[in-house]
Structure formats: C-alpha cells, structure tokens
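> I would like the atomic coordinates for the input below:
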Amino acid sequence: MEAYIILYLCSLGSSLGYLLDSQSANQNDSLILQLQQDVKKMQDEHVQTSVEMKDFALKLKEKDILIEYLLKQHLSQQDIINNMTMKSDQQDIVLRNLTAELSQQKFAKLEKEVAFLARFSQPRPSFWNRTIARNGPIIYDDITVNFGQGFNQTTGIFTTPVGGLYVFQLTSLAESYLAINLFAGGALYGTSSGLQGAQGSVQTVVRLNAGQTVLTQLAQGTGTLVGSRGYTQFSGVLLHSY
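Modelled structure (predicted):
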C-alpha cells in the first residue's frame, strides 16, 4: 500500500512537472510573440516616422525653393523699379535740358526780331506843315513798330541791336522840291527826292555790325513834308543776323 502511494505521488509529481514545464513554455512563447509584435509595431512606427520626416524635409525644401523664388522676384522687381527710376531721372534731365534749349532759342529769336516803322502822324487840316531842320536827323513823332527797341524816337536815330543784314526804306512827300538822304553806318546809301506833290523813295540793303546807326537827314529843299496817311515814313528790318 505504501509502495502504491509512493508510486502515485511520483506519477503525480511527474505530471505536475510536465504541466509546469508546458505552462512555462506557453508563457515564453506568448512573451516572445508579444515582443515580436512590439518590435514589428516599433518598426512600422519607425517607417511611418521616416516617411513623415521625408515629407517634412520635402516640404521644407519646397518652402526654401519658394522663398528663393520670391526673393529673386523681389530683387527683379526692385531692379525694374530702380531702372524705371533711373530712366525717369534721365528723362527729367533731358526734359529740363530741352526746356532750357527751347527757352534759349525763343529768347535768341526774340533778340533777333528787329524792325521799326517811324512816320509823321499830323492829320488834316495841317496837311503841309511838317517843317524839318537841315542840320540833323529827322525826328518822327509816330513810332508804330519798334521790335528790338533799336529806334530812338527822341533822336530819330536807329541803332542796330545785333549785327546782320538789314533792309531800309525811306518814302517822302514834299510841299515843294525836297531831297532827304539815308545814312547807314556813317555812309550815304541813297536819296529820296521829288517835286511838289510828288513822292520820292529810296530802298537799300546794308550789312551792319551791332551798335552802328542809321538815320535820315534833309539834304535840299524847304524842309516841309506831308505828314498824314503815311506819305512820309522811315522803316527798317533785320533780314539775317550773324
């Protein structure tokens, strides 16, 4: 009996050992499986993280490219603005120079516009009463044109404001025989003469320097001229300056 009990206990111990060994093996297998699953999950997470990092790096690179492009665009626009500003400044300089040149040309043109017309204005009934002296320039009382301000009404003398080629004309109508000389630059260039009621005239072209004088002076006769209607007048105009 005792032997039987001992045998039973040994058998029971062996079964328990087997059961314990089987349970330990199962636990180990479960633990290994769990570890494998954890490793697989970590690997998957690592792969996902790597993909996300690559996407992030790609987005950063795209942003860098965009920033570089925008920077180049800004610099290009700034260059355009600078070029436009430079061109605008150059155009302003050209415009100012052109305006100054036009002003100078206009001023020069005004300076070279030289002409005068002097005459007697005495109307009727004092038709034949314009008496002039023999020893000096004839004084005209009606200066209708005086471009360049070369004619002096007080002295009756025209002084050339600029050098150039001039044309002068003298027309006279006398009560009786009368002759009037035309002097330019100190030289006699012609005589206007006529009998009573006859109109005389003289016209000449003269090259004069600036500051030379032109005048009319009684040469012969009684010195009584017809003053109305422009019958007696003295005129001059600059044809070309130099």
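> C-alpha from now on. contacts and neighbour counts both.
OK.
> Sheet partners, orientation included, of the host helix or strand of Asn181?
Under the criterion of DSSP states H and E, Asn181 resides in strand 178-184. Note on strand 178-184: by DSSP bridges, its sheet partners are strand 187-194 (antiparallel), strand 213-221 (antiparallel).
> Deepest in the core, which of these is it.
strand 213-221 (a mean of 20; mean count of other Cα atoms under 10 Å).
> Not counting that strand itself, show me its contacts.
132-138, 156-160, 170, 176-186, 234 (Cα atoms under 8 Å, 6 or more residues apart in numbering).
> Show the buried residues in those residues.
132, 137-138, 156-160, 170, 176-185, 234 (16 or more other Cα atoms under 10 Å).
> Quick check: Val205 is in a helix.
No: going by DSSP: H, G, I helix; E, B strand; the rest coil, the assignment for Val205 is strand, not a helix.
> Excluding residues flanking it in the chain, which one is nearest it?
Val167 (4.3 Å; Cα to Cα, 6 or more residues apart in numbering).
> OK, contacts around that neighbour?
So Val167 contacts 203-206, 236-239 (Cα under 8 Å, 6+ apart).
> what are the bridge partners for it, then?
Beta-bridge partners of Val167, as defined by DSSP bridges: Val205, Val237.
> any idea how far it lies from Leu70?
74 Å (Cα to Cα, to the nearest Å).
> Kindly report the same for Leu195.
For Leu195, the distance to Leu70 - Cα to Cα - is 98 Å.
> domains in this structure, as residue ranges please.
Listed domain ranges for the chain are 1-112, 113-241 (source: automatic domain parsing).
> Most tightly packed of these?
Of these, domain 113-241 is the most buried (mean count of other Cα under 10 Å), at a mean of 18.
> Point to the helix or strand of this protein where mean pLDDT is at its lowest.
Between all helices and strands in the chain, the lowest mean by mean pLDDT, DSSP states H and E belongs to strand 130-131, at a mean of 68.
> Closest to the centroid, which residue in the protein?
Centroid check for the chain by Cα atoms, centre = their mean gives Leu95 as the closest residue, at 2.1 Å.
> so which helix or strand takes in it?
Judged by DSSP H and E, Leu95 forms part of helix 2-112.
> which element follows that helix toward the C-terminus?
strand 115-119.
> Figure out which of the strands paired with strand 178-184 is closest to Met86.
Across these, Met86 has its closest neighbour in strand 213-221 (53.7 Å, Cα to Cα).
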